[in-house]
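K.L.:
Got a predicted model here, sequence first, then my questions.
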Amino acid sequence: MNHNAERSGARALVESLEKAGVEVLFGYPGGAVLDIFNCLTDAKFQFILGRHEQGSAHMADGYARSTGKPGVCVVTSGPGATNTITGLATANMDGVPMVLITGQVPLSQIGTDAFQEADTTGITRAVSKHNFLVHSADEIPEIVAQAFYIATHGKPGPVVIDIPKNCQQAKTTAQYPERVSLRAYHPESAATGTQMARLAKMLNDAKRPVIYAGGGVIASGAAKDVAAIAHRANIPVATTLMGLGAFDEHDPLSLRMAGMHGTWAANRAIADADLLIALGVRFNDRITGKLAKYASKAKIVHVDCDPASIGKNVGVDLGIVADVKDVLTTVSSRVKSASHADWLEKIAAWKAERPMSYKPLHEAVIMPQQVVEAIDAATDGRAVIVTDVGQHQMWCAQYFRHSIPRHFLSSGGMGTMGFGIPAAIGAAIARPDHMTVAVCGDGGAQMTFEELVVAVEHKLPLTVVVINNGCLGMVRQWQELFYKGNYSGSILTVKGRSANEHLEQDLEYDYLPDFTMMAKAHGAAAYRVIDPAKLEPTIRKAVKSGKPSLVEVIVEPRANVYPMIPGGHGVEDTVFD
Amino acid sequence: MPDKNALTEIYRLNCFVENKPGVLARIVGLISGRGYNIQTLNVGPTEDGTVSRMRIDVLGTEKVLEQIMLQLRNQVNVIEVTSRRRQQ
């Protein structure tokens, strides 16, 4: 290619995305991105057409969570851009690298309330890591390079590039830069020698240490390093929801997930620990509960790449702003082997005292927890599990034995219903050689169901399991426990709706929609399971087919997620089934 | 939201930022979006035309201020931030 060649801004954008290493672009066209779409047919990367911009954004997010590479998405101006807001907020909260390109009305029309005009940089500011409004075609290559740099350096996050239509059409000779230099943004930070020495001493002095691993461990690729240190010094490991997969839950040292719906052993161990080594976590309120009582006997070490997350919620004795993997590889050689026999014995007792368990409410009705156990069994625990949000999300966290990083993808911070199906499609596109299982409730599945057609078009090995309890289970659970069973707005069956909804009690259509018919209409194979004996064989059949499929499982509607530490309480207030 | 019972004082933030469109909105949004009220805001050029200086007075606690400083430093366009407690 002639390096001084003049081409349109849109062509320069596509070239820049190729230079940035983009392999898959998700998106949806519209008037303000017609010039970009006109160039996409010549691009070296694949384009995946979603069916709603929110779906495309979640696909890019799922792709990024699955691979660690930035997910890239292009949408039009106005409603195209505003439809991605939930997708951006979801990625932003969980630190997922993404680049979103939005079309914009021509610069001359900005501020005139032109057709499909929205103040995209204004609207996305609070839900993205950074955003750019392009003012000239000449800026495009440089801004694309900067956007990818910002999305992937420091704490990862979504970056928006808003490109007015006239800048896509204008000619430019600007080239993609060899290297990125940002004047003010230098997020790299390393631990000091003193910090490392203190960390090693604290680790070696501890009698009751707990490693507490979050999404940052997975993001920095440090799962093996966590395991090495845990094994050398016999340190038990708890994870956050985002940290599931960072440590093998089959390992005897695993405490599994901590927090509001975490295991008794994990929460008990953190409450009793004398040293908490928190790696790549944020100490979110769903984890800590009552702050004054959280890890109150422990010295806390917090390692995170984001300086603003250290000391934000929980006071720490040693805060290290650095990449988790760098810290662990450096400290590893200084960690002495230890048995911590008394401590591990205590932990074993907690595990035995309150194992993760549920009581079947009716022997002929499938318990939702059973569905997750069946997925684990049918996939030998190897599937990439992508969840939606609600009760089933917690059951997936609790009843699947997580062992592989980037195999549990879930909207942790934002709690976005509708995330599951499109994110699973993004993940399956990233890893077509792998089983992907999207687990959804009947509520969330309806929010973005239209995207299933993308899985069918691309013949993805994706099974969607809809755990259908006929209600918005987590809302229903909180109403049962904290609002005296006033099930306002949370029942999806006709039966049991509150009077203010003015619904005729016509039981002919008790369960709507029929998810198997919906799946078939989208071209996927579909199964409905009511009989507990058919649960695992059906899931096995669907998953082993390697084709897009949906399994709707009708489950016990009254099942609740336990254990549960009510918001703002401590471990001693844990409620069990 | 800020803890209403904690000791609140006025802090002055001195912020050097890249002189680019949208930066002022970003800084102000970051502070107000977290529920903190800006008392005084003053923005002007520096001798270096590519850098602007912002003086922002915020009412809050020391902990709040520390969090705002860290969040500001995370911003792509923020070059430097310092702060001091103002005499009332």
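P.N.:
Arrived safely, thanks for sending.

K.L.:
Just to check, A:Val327 is in contact with A:Leu199?
P.N.:
Yes: assessed by C-beta atoms under 8 Å, A:Val327 is found in contact with A:Leu199 at 7.3 Å. For every residue, glycine as well, the C-beta is placed using N, CA and C.

K.L.:
between these two, who's got more neighbours?
P.N.:
A:Val327 (26 against 22; other C-beta atoms under 10 Å in any protein chain shown).

K.L.:
Pull the contacting residues for the more buried one.
P.N.:
The contact partners of A:Val327, taken as C-beta atoms under 8 Å, 6 or more residues apart in numbering or on different chains, are A:Ala191, A:Met196, A:Leu199, A:Leu279, A:Val303, A:Ile320.

K.L.:
Identify the contacts common to A:Val327 and A:Leu199.
P.N.:
Joint contacts of A:Val327 and A:Leu199 (C-beta under 8 Å, 6+ apart) are A:Ala191, A:Ile320.

K.L.:
follow-up on the earlier one: nearest to chain B among the contacts of A:Val327?
P.N.:
Nearest to chain B among those is A:Ile320, at 14.6 Å by C-beta to the nearest C-beta.

K.L.:
by contact count, what packs against the helix or strand of chain B with the lowest mean pLDDT?
P.N.:
Between all helices and strands in chain B, the lowest mean by mean pLDDT, DSSP states H and E belongs to helix B:62-73, at a mean of 89. The contact analysis (3 or more C-beta pairs under 8 Å, 6 or more residues apart in numbering or on different chains; DSSP states H and E) places helix B:62-73 against strand B:9-18, helix B:23-32, strand B:51-60, strand B:78-85.

K.L.:
how about stretch A:311-328: buried residues?
P.N.:
Residues of stretch A:311-328 classed as buried by neighbour count (16 or more other C-beta atoms under 10 Å in any protein chain shown): A:311-314, A:316, A:318-328.

K.L.:
distance between that stretch and the chain's centre?
P.N.:
22 Å (C-alpha atoms, centre = their mean, to the nearest Å).

K.L.:
coming back round to it: quick check: which of the helices and strands packed on helix B:62-73 is nearest to A:Thr538?
P.N.:
A:Thr538 sits nearest to helix B:23-32 of all the helices and strands packed on helix B:62-73, at 49.7 Å, using C-beta to C-beta.

K.L.:
burial count for A:Leu503?
P.N.:
Using other C-beta under 10 Å, A:Leu503 is surrounded by 13 other residues.

K.L.:
helix/strand/coil for it?
P.N.:
coil (DSSP: H, G, I helix; E, B strand; the rest coil).

K.L.:
Closest residue of chain B to chain A?
P.N.:
Closest point on chain B to chain A, by C-beta to the nearest C-beta, is B:Leu70, at 3.8 Å.

K.L.:
What separation is there between A:Asp162 and B:Val23?
P.N.:
As judged by C-beta to C-beta, to the nearest Å, A:Asp162 and B:Val23 stand 15 Å apart.

K.L.:
who's more crowded, the two?
P.N.:
Legend: neighbour count by other C-beta under 10 Å for A:Asp162 and B:Val23, higher for A:Asp162 (26 against 20).

K.L.:
quick revisit: name the residues of the least confident helix or strand of chain B that are buried.
P.N.:
Neighbour-count burial for helix B:62-73 [16+ other C-beta under 10 Å]: B:Val64, B:Leu65, B:Glu66, B:Gln67, B:Ile68, B:Met69, B:Leu70, B:Gln71, B:Leu72, B:Arg73.

K.L.:
Tell me the residues of chain B that contact chain A?
P.N.:
Contacts of chain B with chain A, taken as C-beta under 8 Å from any C-beta of the partner chain, map to B:17-18, B:21-22, B:25-26, B:29, B:33, B:66-67, B:70-71, B:73-79.

K.L.:
and the least confident helix or strand of chain B with strand B:9-18, angle?
P.N.:
Interaxial angle, helix B:62-73 versus strand B:9-18 (axes from the mean of the first three to the mean of the last three C-alpha atoms, to 10 degrees): 10 degrees.

K.L.:
Other residues contacting helix B:62-73?
P.N.:
Taking C-beta under 8 Å, 6+ apart as the rule, helix B:62-73 contacts A:307-308, A:311-312, B:2, B:6, B:9, B:11, B:13, B:15, B:27, B:30-31, B:34, B:36, B:58, B:60, B:78, B:81, B:83.

K.L.:
where does the stretch 1-150 of chain A have low pLDDT?
P.N.:
Across the stretch 1-150 of chain A, the ranges flagged by pLDDT under 70 are A:1-4.

K.L.:
all helices of it, in order?
P.N.:
For the stretch 1-150 of chain A, the helices defined by DSSP state H, counting those that start in this stretch occupy A:9-19, A:34-40, A:53-67, A:79-82, A:85-94, A:120-124, A:140-152.

K.L.:
Neighbours of whichever residue of chain A sits closest to chain B, how many?
P.N.:
Nearest residue of chain A to chain B: A:Ala308, at 3.8 Å (C-beta to the nearest C-beta). Residues lying near A:Ala308 (other C-beta under 10 Å) number 19.

K.L.:
which SS class is it?
P.N.:
Assignment for A:Ala308 (three-state DSSP): helix.

K.L.:
Leaving out chain neighbours, which residue sits closest to residue 39?
P.N.:
Defaulting to chain A. Using C-beta to C-beta, 6 or more residues apart in numbering or on different chains and skipping the chain neighbours, the partner closest in space to A:Cys39 is A:Val14 (4.5 Å).

K.L.:
right idea, wrong chain: chain B
P.N.:
B:Asp57 (4.2 Å).

K.L.:
Could you chop chain A up by domain?
P.N.:
A:7-172, A:193-353, A:368-554 (automatic domain parsing).

K.L.:
Of those domains, give the one that comes closest to A:His362.
P.N.:
Closest approach to A:His362 among the domains of chain A is made by domain A:368-554 (10.0 Å; C-beta to C-beta).
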